[in-house]
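> A structural model of the following input is requested.
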Amino acid sequence: MSIPRPRKIALLVALVATLVLLCCGGSVTALLVGGFNNDDKNANLNASGGGCGKGGPVDPDTQLPRIRPYGPEQIRNAAIIINVGADLKMPPRAWVIAVATAMQESRLNNLGDLGARNDHDSQGLFQQRPSSGWGTAKQVRDPVYAATKFYNKLKTISGWERMSLTRAAQRVQISAYPDAYAKHEPIATQIVNQLADGAANAVGNSVAMLCASAGQIAASGWTLPVGAAVGSGFRTASRPTHQGVDLIAGKQTPISAAASGIVSKVKCDEDHRGRRTCNVDGYPGKGGCGWMVEIQHAGNIMTRYCHMVVKPFVREGQEVTAGEIIGRVGSSGNSSGPHLHFEVHLNNDRSSAGAIDPVKFMREQGTPLGGAG
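Numbering: from 1, shown residues only. Alright, predicted model coming up:
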């Protein structure tokens with residue numbers, strides 16, 4: 001018996017929803033099925049923002065979530081970009097890169113010819129230039145066509161999956177402002193998660209998605225600093241001033257940058273007696289972080305890595321990518337044994353006022369701490 005196409009789509013959604021693994025407390029289905037074009041205002045998008053795995057079709061004109069500072073038409077354009085990526089079998093990391101790029105280029109507006117305000121002949125969501133071979137002016141103003149051209153160019157870039165978002169976007173766009181894309185990564189991640197049921201929390205392809213383990217980078221751009229069990233937690237009753245978590249790993253275990261960014265601090269932290277003695281094992285009550293690194297990431301997020309066994313492998317001002325090895329686990333400073341003390345701070349605030357719970361934060365990025373290496 002022949003199954004009608006709408007029924008086939010419904011069965012596919014149900015099948016994948018059954019097979020998909022629960023990631024970080026919510027399912028990661030990310031299936032925007034059913035194509036549409038720029039003229040189809042009533043097209044159905046499988047855009048669920050709840051992470052509950054229902055993924056039912058919605059009316060994009062009335063039911064798409066409102067994600068500040070973007071309006072309904074801008075969010076609809078983001079949904080088109082995501083849908084094209086899914087149709088092309090591009091992984092969710094590509095969706096985040098594409099949405100962030102369009103945020104920078106057009107604020108997710110499908111711009112036409114702006115006359116004197118145009119950057120040369122750039123038009124559309126991605127400000128693609130007909131004179132540079134992207135297509136005709138009419139074509140680049142078609143969001144489906146423009147997104148397809150973006151993804152097809154991204155595919156040709158070797159190793160784009162492990163690049164920082166700004167580097168991957170720049171390789172496609174060749175922009176005069178190559179560092180401008182990074183600031184959009186957090187909201188682009190939020191948009192993908194809300195429109196595609198948590199897809200930015202996943203690694204792998206757009207159908208079979210898993211949470212990231214050590215060495216894998218989630219679509220959010222984050223990865224585990226080490227694959228290790230969580231020991232002492234964040235601001236516990238017994239340690240209320242503990243501003244991070246301890247990840248229990250053996251001495252010399254490689255430590256990865258949790259996301260792409262710029263190294264802002266590398267030092268041997270002083271102990272309570274003002275000494276910088278980081279090349280030896282520490283002890284409880286000694287004080288200080290030992291050998292440590294701080295990295296500033298997109299969205300004014302900072303991560304801190306403490307108690308390394310030897311001087312870190314990076315220098316201040318160095319650009320690092322997610323997963324890049326920055327040092328090795330040790331027990332220097334205020335430490336009772338080998339582990340990585342890992343902190344996450346908001347607003348690039350190095351003080352305790354900026355610290356947040358790394359367990360909750362990393363789970364939201366699709367990289368739950370405690371994953372095996």
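> pull out the buried positions in the host helix or strand of T166.
Secondary structure assignment for T166, by DSSP states H and E: helix 165-173. Going by neighbour count (16 or more other Cβ atoms under 10 Å), the buried part of helix 165-173 is L165, T166, R167, A168, A169, Q170, R171, V172, Q173. (Each C-beta comes from the backbone N, C-alpha and C, glycine too.)
> which one among these gets closest to R141?
Distances from R141 to these, taken as Cβ to Cβ, are shortest for Q173 (16.9 Å).
> list the contacts for the most centrally placed residue in the chain?
Per Cα atoms, centre = their mean, the C-alpha nearest to the average position across the chain is that of S220, at 1.7 Å. By Cβ atoms under 8 Å, 6 or more residues apart in numbering, the residues touching S220 are V96, T189, A200, N201, Q365, G366, T367.
> tell me if the first one really is in a helix.
So that's V96. Yes: using DSSP: H, G, I helix; E, B strand; the rest coil, the assignment for V96 is a helix.
> what's the burial count for it?
By the criterion of other Cβ atoms under 10 Å, V96 has 29 neighbours.
> residues touching it, list them.
Applying Cβ under 8 Å, 6+ apart, one finds that V96 lies in contact with L165, E185, A188, T189, V192, A200, A219, S220, G221.
> which element is the second one on?
Secondary structure assignment for E185, by DSSP H and E: helix 185-195.
> quick one, that helix and helix 165-173 angle?
80 degrees (axes from the mean of the first three to the mean of the last three Cα atoms, to 10 degrees).
> for helix 185-195, the distance to its chain's centre please.
Remark: helix 185-195 is offset 9 Å from the chain centroid, using Cα atoms, centre = their mean, to the nearest Å.
> quick check: buried residues in that helix?
The neighbour-count criterion (16+ other Cβ under 10 Å) identifies E185, P186, I187, A188, T189, Q190, I191, V192, N193, Q194, L195 as the buried residues of helix 185-195.
> hey, which helix or strand in the chain has the poorest pLDDT?
Least confident helix or strand, the chain: helix 5-19 with a mean of 34, by mean pLDDT, DSSP states H and E.
> ok so, going back, any chance of a markdown table for the contacts of V96, columns pLDDT and distance to V84?
Supplementary listing: these in a markdown table, determined by pLDDT from 0 to 100; distance: Cβ to Cβ, whole Å:
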| residue | pLDDT | distance to V84 |
| --- | --- | --- |
| L165 | 91 | 18 |
| E185 | 91 | 19 |
| A188 | 93 | 15 |
| T189 | 91 | 18 |
| V192 | 91 | 13 |
| A200 | 79 | 16 |
| A219 | 89 | 16 |
| S220 | 89 | 20 |
| G221 | 90 | 20 |
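> which of those sits closest to D357?
Nearest member of the contacts of V96 to D357, counting by Cβ to Cβ, is S220, at 16.9 Å.
> pull the number of nearby residues for S132.
So S132, with other Cβ under 10 Å, has 11 neighbours.
> how far away is it from P225?
From S132 across to P225, the span is 40 Å (Cβ to Cβ, to the nearest Å).
> E343 too?
In this view, E343 and P225 are 10 Å apart by Cβ to Cβ.
> quick one: which of these two has more around it?
Set E343 next to P225 and count neighbours by other Cβ under 10 Å: P225 wins out with 28 against 24.
> list residues touching both of E343 and P225?
T303.
> circling back: could you dump the buried residues of helix 185-195 to JSON lines with distance to T241?
Below are the buried residues of helix 185-195 laid out as JSON lines (distance: Cβ to Cβ, whole Å):
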{"residue": "E185", "distance to T241": "31"}
{"residue": "P186", "distance to T241": "28"}
{"residue": "I187", "distance to T241": "32"}
{"residue": "A188", "distance to T241": "35"}
{"residue": "T189", "distance to T241": "31"}
{"residue": "Q190", "distance to T241": "31"}
{"residue": "I191", "distance to T241": "36"}
{"residue": "V192", "distance to T241": "36"}
{"residue": "N193", "distance to T241": "32"}
{"residue": "Q194", "distance to T241": "35"}
{"residue": "L195", "distance to T241": "39"}
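> helices and strands around the helix holding T166, which ones?
Secondary-structure packing of helix 165-173 (3 or more Cβ pairs under 8 Å, 6 or more residues apart in numbering; DSSP states H and E): helix 92-106, helix 143-155.
> can you tell me what sits against that helix?
By Cβ under 8 Å, 6+ apart, helix 165-173 touches 96-97, 100-101, 104-105, 126-127, 150, 153-154, 157, 160, 163, 175, 178-182, 185, 188, 221, 260, 298, 321.
> please pick the buried ones from the residues you listed.
Here, 16+ other Cβ under 10 Å leaves 96-97, 100-101, 104-105, 126-127, 150, 153-154, 160, 163, 175, 180-182, 185, 188, 221, 260, 298, 321 buried among these.
> show me what the helix holding E185 is packed up against.
Applying 3+ Cβ pairs under 8 Å, 6+ apart, we find helix 185-195 packed against helix 72-87, helix 92-106.
> just the ones you listed: most buried one?
Of all those, helix 92-106 has the most neighbours on average by mean count of other Cβ atoms under 10 Å, namely a mean of 27.
> any idea of the angle it forms with helix 165-173?
Per the same axes, to 10 degrees, the angle that helix 92-106 makes with helix 165-173 is 70 degrees.
> run through the neighbouring helices and strands of whatever helix or strand comes next after helix 92-106.
Toward the C-terminal end, the helix or strand that comes next after helix 92-106 (DSSP H and E) is helix 137-140. With contacts taken as 3+ Cβ pairs under 8 Å, 6+ apart, helix 137-140 sits against helix 143-155.
> distance between the helix it packs on and the chain's centre?
Computed by Cα atoms, centre = their mean, the chain-centroid distance of helix 143-155 equals 20 Å.
> got the buried residues for that helix?
By neighbour count on 16+ other Cβ under 10 Å, the buried set for helix 143-155 is P143, V144, Y145, A146, A147, T148, K149, F150, Y151, K153, L154.
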